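J.: no sequence on this one, just coordinates:
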């Protein structure tokens, strides 16, 4: 059975801290791994990772994929209260013309002032 | 701005009373998806359309149906909602690729369904 596991389930930090969120997966037909940020609304896209070892960066966020060990990490440096959200990891399974996402249960990040 | 729109944002229905949720997109994407997300759980794919081709997930209950009358619109029909169907329902779209090409899904704001 395809599965995506995220850790920790929740995390409380103070502004300015650096956090690392983990995502491991066991799937057949891996195509890509995606990170989303979900506040009190729909998930918003952060990164798509397809190749091992290539870091994707966007401001204070960065992410990297290890296809040999089957995991990805999402780093957030100098955290701000606006970073408080659920961070979802999803794996896109190869299935032809459409993609099927298997989501992890997410990491709830709370950034305190 | 190109976007995915869901209506209504909040829907209250009674146990057993049919309800329809709406999704529209201005992205001109080929694929539209419906997810169910219960509290503190990951989004779970119910079904998706590639153009007019309907693809149902094996574990999606028969109580859930979908219609896509044209490229822009997709509807989720819940024929007889139960208390366990209370959730956030997310619509997403993607361009649709072939072979090994990756594809990004873009989500609407969701409709939160309450069943009384």
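T.: Sure thing, it's come through. Values in this document were obtained by computation on a predicted structure and should not be read as measured data.
J.: How about the contacts made by the residue nearest in space to the middle of chain B?
T.: Residue closest to the average C-alpha location in chain B (CA atoms, centre = their mean): residue B:34, at 2.4 Å. Listed by CB atoms under 8 Å, 6 or more residues apart in numbering or on different chains, the contact set of residue B:34 reads B:23, B:45, B:46, B:47, B:48, B:64, B:66, B:74, B:76, B:89, B:90, B:91. For the C-beta atoms, the positions are set from N, CA and C on the backbone; glycine is no exception.
J.: which SS class is residue 42?
T.: You didn't say which chain, so I picked chain A. Following DSSP: H, G, I helix; E, B strand; the rest coil, the label given to residue A:42 is coil.
J.: Show the pLDDT at the spatially closest residue to it that is not a sequence neighbour.
T.: Nearest in space to residue A:42, with sequence neighbours left out and distances taken as CB to CB, 6 or more residues apart in numbering or on different chains, is residue B:107 at 3.8 Å. Looking at residue B:107, its pLDDT is 91.
J.: returning to that earlier point: reformat the contacts of residue B:34 as TSV; add secondary structure.
T.: Shown next, in TSV, are the contacts of residue B:34 (three-state DSSP):
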residue	secondary structure
B:23	strand
B:45	strand
B:46	strand
B:47	strand
B:48	strand
B:64	strand
B:66	strand
B:74	strand
B:76	strand
B:89	strand
B:90	strand
B:91	strand
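J.: does stretch A:106-113 come close to chain B?
T.: Yes. Judged by CB under 8 Å from any CB of the partner chain, stretch A:106-113 and chain B are in contact via residue A:106.
J.: what residues are up against the residue nearest to residue A:42?
T.: A:36, A:42, A:43, A:44, A:45, B:4, B:90, B:91, B:92.
J.: sorry, back to before: also within reach of chain A: list those from the contacts of residue B:34.
T.: Filtering the contacts of residue B:34 for proximity to chain A (criterion: CB under 8 Å from any CB) leaves B:45, B:48, B:90.
J.: Pick out whichever of those residues sits closest to residue B:29.
T.: Checking the ones next to chain A among the contacts of residue B:34 against residue B:29 with CB to CB, the nearest one is residue B:48 at 11.1 Å.
J.: are any of the contacts of residue B:34 buried, and which?
T.: By neighbour count, with 16 or more other CB atoms under 10 Å in any protein chain shown, those hold B:23, B:45, B:46, B:47, B:48, B:64, B:66, B:74, B:76, B:89, B:90, B:91 as buried.
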